[in-house]
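Undergrad: got a structure for you, letters missing:
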């Protein structure tokens, strides 16, 4: 596809479960970003990759959150022992390079923790 | 923290120009002004960006004041599909993109 693809589109988890959210960036895009968006709020930065290197993870809210991009393409955001406050939309974005390049966003994964 | 201030909401009549203001009084010389918008249930979409000069593309125009402390995004002929949250973002080429709460624009028939 031509755009950023995220799966699943919706995820319901019981509190304490582990979840994995997938992001397929646009082919050839070097930079990849994860954001968390609570209802009625703007997206909040979580972490940033340049190829397979995770250059910034300052936005990850706790050590239960882990992201990887082992081959510099597909990325996975993993949340361990989910809590109700983790309920949000998780957005992935990619850009051709770092710098002033515009970001292309996926439609997000809506996570609901019950 | 976001470096911009935007009104929380605005209305615009369909077919009229929508002018969305943004204040960025602490902007530095190497920081760009970006605009994104987010339609309900979708990810944000890039609209336009600029450094000093006014910019225009197929979606919108960006007017940046001479002192660069504020800017205006102009949608020349708003349609119902332009109803969205509009985010004004200031960043250098090395910064991550930080979103504020944005302006919720409602285009009214």
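TA: Structure received. Since this is a predicted model, take the numbers as computed values, not measurements.
Undergrad: Settle this for me: residue B:78 is touching residue B:16, isn't it.
TA: Yes. Counting by CB atoms under 8 Å, residue B:78 does reach residue B:16; the two are 6.1 Å apart. (Each C-beta comes from the backbone N, C-alpha and C, glycine too.)
Undergrad: Looking at the two, which is more packed in?
TA: Using other CB atoms under 10 Å in any protein chain shown as the criterion, residue B:78 and residue B:16 rank with residue B:78 on top: 22 against 13.
Undergrad: For that one, give me the backbone phi and psi.
TA: When read as degrees, to the nearest 10, the backbone of residue B:78 gives phi -60, psi 140.
Undergrad: same check, this time on the one 4 residues further on
TA: As for residue B:82, its main-chain torsions (degrees, to the nearest 10) stand at phi -80, psi 0.
Undergrad: got it, and residue A:68?
TA: According to degrees, to the nearest 10, residue A:68 has phi -150, psi 160.
Undergrad: Kindly report the same for residue B:9.
TA: With angles defined as degrees, to the nearest 10, residue B:9 sits at phi -150, psi 160.
Undergrad: Need the nearest residue in space to residue A:30, chain neighbours excluded.
TA: residue A:97 (5.1 Å; CB to CB, 6 or more residues apart in numbering or on different chains).
Undergrad: got a pLDDT number for the one you found?
TA: What the model reports as pLDDT for residue A:97 is 81.
Undergrad: Write out the residues of chain B neighbouring chain A.
TA: B:2, B:32, B:34, B:36, B:41-46, B:49, B:85, B:87, B:93-94, B:96-102 (CB under 8 Å from any CB of the partner chain).
Undergrad: Go again with 6 Å.
TA: Applying CB under 6 Å from any CB of the partner chain, one finds that chain B approaches chain A through B:42-44, B:46, B:93, B:96-97, B:99-102.
Undergrad: Now do the helix or strand hosting residue B:12: which elements does it pack against?
TA: Using DSSP states H and E, residue B:12 maps to strand B:9-13. When contacts are defined as 3 or more CB pairs under 6 Å, 6 or more residues apart in numbering or on different chains; DSSP states H and E, strand B:9-13 packs onto strand B:103-108.
Undergrad: For chain A, what is the nearest residue in chain B?
TA: Per CB to the nearest CB, the residue of chain B with the smallest distance to chain A is residue B:43, at 3.0 Å.
Undergrad: Based on its surroundings, how many neighbours for that residue?
TA: Neighbour number of residue B:43 under other CB under 10 Å is 23.
Undergrad: give me every residue that touches the nearest residue to it once chain neighbours are set aside.
TA: In this structure, residue B:43 finds its nearest non-sequential neighbour in residue A:105, 3.0 Å apart by CB to CB, 6+ apart. Contacts of residue A:105 were listed using CB atoms under 6 Å, 6 or more residues apart in numbering or on different chains, and they are A:91, A:93, B:43-44.
Undergrad: quick one: which of those residues is nearest residue A:29?
TA: residue A:93 (9.2 Å; CB to CB).
Undergrad: Whichever strand or helix holds the closest one pairs with which strands?
TA: Assigned by DSSP H and E, residue A:93 belongs to strand A:88-95. Partners of strand A:88-95 in the sheet, by DSSP bridges, are strand A:31-37 (antiparallel), strand A:104-105 (antiparallel), strand A:109-113 (antiparallel).
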